[in-house]
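the sequence and its predicted three-dimensional model are supplied below.
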Amino acid sequence: MTQALAGTAALVTGASSGIGEATAVALAEQGARVALVARRKDRLEALAERIGGGALVIEADITDPAQAQHAVNSAVAEFGRLDTLVNNAGVMLLGPIVDAPLEEWQRMVHLNVLGLLYCTHAALPHLIAAADRDPRSVADVVNISSTAGRVARMNSGVYNATKFGVGAFSESLRQEVTTRHVRVTLIEPGATATELAFHNRPVILEEMAKTFGGIEVLRAEDIANGVLYAVTQPRHVAVNEVLIRPTEQER
Ligand code: NDP
């Protein structure tokens, strides 16, 4: 069977675990060559081995604009093009706003917002060029937001702010580039079993267990399926927004 993404190249940020890892695998299974970007090189190398030929390991901290640019440049140098950018890397550090450690806010804003912006800025000229070329004449920016980008909750204020920001930026970018056949898709996962929660302080983890402890959460592959659905549509179809919650998640 023909692979939907044969002849294309993708870059996935945060590919060393969770949703990014599953998405990289899904894109590669459809024939894309995939650049795997994150800080943990050993994890990326293990994934590249699992994927087999066509995966490129790029160790980068995308909160540094120079490293984000270098990651995109390395992918284009290796593949000769870039058709799909998946802005997935993110961090979620929850807790009250009063007396919050500012360092946690800085980490979220630097990665969830600025890192995504830096990668998008670096990738756009290549995506616009790919949208004018065989084999697909269309390119994709996929931004991984969250249900937290649609619904604000107590103890999630700054994470909410970053993900609402991703939504606003995505819509503005969509209006700017869609007639050039660069599609912009916002993916909004609900609770998904990954490493994301485990960066929180122990007291916060206890609170989270009360909210999500009893439900059957999503798997990273469930979100990767949503990404794949969007980027494998025909050229005239743009899937702008995909909200995926565990069935048992109420809000
Ligand atoms: P993980 O913690 O498993 O993955 C986060 C990824 O981001 C890792 O690969 C990590 O790699 C990478 N990363 C962290 N810091 C940097 C950095 N400075 N530069 C480059 N890469 C970095 O969590 P998820 O897979 O769950 O998260 C992926 C996205 O999904 C995030 O944007 C998150 O907000 C979103 N999301 C997740 C939900 C969930 O319930 N899991 C729900 C809704 C949205 P490394 O440490 O090697 O750099």
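All right, it came through fine. Numbers count the residues shown, from 1 in each chain.

show me which residues of the chain sit near the ligand.
Proximity of the chain to the ligand, by C-beta under 6 Å from any ligand atom, involves residues 13-14, 16-20, 38-40, 43, 61-63, 88-92, 111, 115, 144, 146, 189, 191-192, 194-196. From N, CA and C alone the C-beta is placed, and that goes for glycine too.

and the helix or strand harbouring Ile19, what other elements does it pack with?
Per DSSP states H and E, Ile19 falls inside helix 18-29. Judged by 3 or more C-beta pairs under 8 Å, 6 or more residues apart in numbering; DSSP states H and E, helix 18-29 is in contact with strand 9-13, strand 33-38, helix 41-51, strand 84-87, helix 220-231.

quickly run through the sheet partners of the fourth one, with directions.
Meaning strand 84-87. Its sheet considered, strand 84-87 pairs with strand 9-13 (parallel), strand 139-144 (parallel) by DSSP bridges.

tilt between the last one and helix 220-231?
The one in question is strand 139-144. Interaxial angle of strand 139-144 relative to helix 220-231 (axes from the mean of the first three to the mean of the last three C-alpha atoms, to 10 degrees): 150 degrees.

please tell me how far the helix or strand of the chain with the lowest mean pLDDT is from the chain's geometric centre.
In the chain, the helix or strand scored least confidently by mean pLDDT, DSSP states H and E is helix 202-212, which has a mean of 86. Centroid separation for helix 202-212 versus its chain: 24 Å, with C-alpha atoms, centre = their mean, to the nearest Å.

oh, and call the first residue 401 from now on, that's how I've got it
In the new count, where the first residue is 401, that last one comes out as helix 602-612.

in that helix, which residues are buried?
When neighbours are counted by 16 or more other C-beta atoms under 10 Å, the buried residues of helix 602-612 are found to be Ile604, Met608, Phe612.

in a markdown table: those residues, plus distance to Ala530.
Output for the buried residues of helix 602-612, formatted as a markdown table (distance: C-beta to C-beta, whole Å):
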| residue | distance to Ala530 |
| --- | --- |
| Ile604 | 41 |
| Met608 | 39 |
| Phe612 | 38 |
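
the ligand: which of those residues is nearest?
Phe612 (8.3 Å; C-beta to the nearest ligand atom).

wait, what's in contact with the closest residue to that closest one other than its chain neighbours?
Nearest residue to Phe612, sequence neighbours excluded (C-beta to C-beta, 6 or more residues apart in numbering): Ala591, at 4.8 Å. Contact analysis of Ala591 by C-beta atoms under 8 Å, 6 or more residues apart in numbering lists Phe612, Ile615, Val617, Leu618, Arg645, Pro646, Gln649.

many thanks, we can stop here.
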